[in-house]
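Engineer: what's the 3D shape of this:
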Amino acid sequence: MYLIRRIYKTKPGQARKVASLVHKQATIYRDAGHRPEFRISFNGYTLPGENDTVFLEWVADKIESPMRDGNNIPPEAMTVGAQVRELIESQRIEFMEYLSDDKILKD
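Structural biologist: Model (predicted):
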């Protein structure tokens, strides 16, 4: 099982707007059966840490390429994605494997 985290570095002052658009896009993916439940967090200027950052996280049983056969991306998600790209400086994705009981090393 994997934790997948997409991180957006927004243009100054745009974190809340980007978080709202990313939520809209993730909802489209979820409703189309492409993604499970998700969480979104952001930091404008009100908290310590890296400002102008949005985090989208979800858990998946496997990591799949978006270019896989049969993956029909909803056009609405692409439209919202274009709006997000106008408001960000960069983005990246992280993949982390959960430590399940069967993966714990025993002494």
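Engineer: for the protein, what's the longest helix?
Structural biologist: With residue count as the measure and DSSP state H as the assignment, the chain has helix 15-31 as its longest helix.
Engineer: Flag every buried residue along that one.
Structural biologist: Buried positions in helix 15-31, judged by neighbour count with 16 or more other CB atoms under 10 Å: 15, 17-19, 21-23, 25-29. Backbone N, C-alpha and C define where each C-beta goes, glycine included.
Engineer: ranges for the strands of the protein?
Structural biologist: When assigned using DSSP state E, the strands of the chain occupy the ranges 2-10, 38-43, 53-60, 88-97.
Engineer: Mean neighbour count, distance to residue 75 and mean pLDDT for the ones you listed - can I get that in TSV?
Structural biologist: Written out in TSV, the entries for the strands of the chain read as follows (neighbours: other CB atoms under 10 Å; distance: least, CB to CB, whole Å; pLDDT from 0 to 100):
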stretch	mean neighbour count	distance to residue 75	mean pLDDT
strand 2-10	18	20	97
strand 38-43	17	20	96
strand 53-60	18	20	97
strand 88-97	12	20	97
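Engineer: any chance of those strands in a markdown table, with distance to residue 71 too?
Structural biologist: Rendered in a markdown table, the data for the strands of the chain read as follows (distance: least, CB to CB, whole Å):
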| stretch | distance to residue 71 |
| --- | --- |
| strand 2-10 | 15 |
| strand 38-43 | 18 |
| strand 53-60 | 14 |
| strand 88-97 | 16 |
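Engineer: is the nearest residue to residue 23 once chain neighbours are set aside in a bridge, and if so with what?
Structural biologist: In space, and not counting its chain neighbours, residue 23 is closest to residue 40: 5.1 Å by CB to CB, 6 or more residues apart in numbering. For residue 40, the beta-bridge partners are residue 56 (DSSP bridges).
Engineer: Kindly provide the distance from residue 40 to residue 11.
Structural biologist: Computed as CB to CB, to the nearest Å, the residue 40 to residue 11 distance reads 18 Å.
Engineer: May I have the residues that are in contact with the nearest residue to residue 76 once chain neighbours are set aside?
Structural biologist: Of all residues beyond its chain neighbours, the one nearest residue 76 is residue 28 (5.1 Å), with distances taken as CB to CB, 6+ apart. Taking CB atoms under 8 Å, 6 or more residues apart in numbering as the definition of contact, the neighbours of residue 28 are 74, 76-77, 80.
Engineer: Alright, I will stop here.
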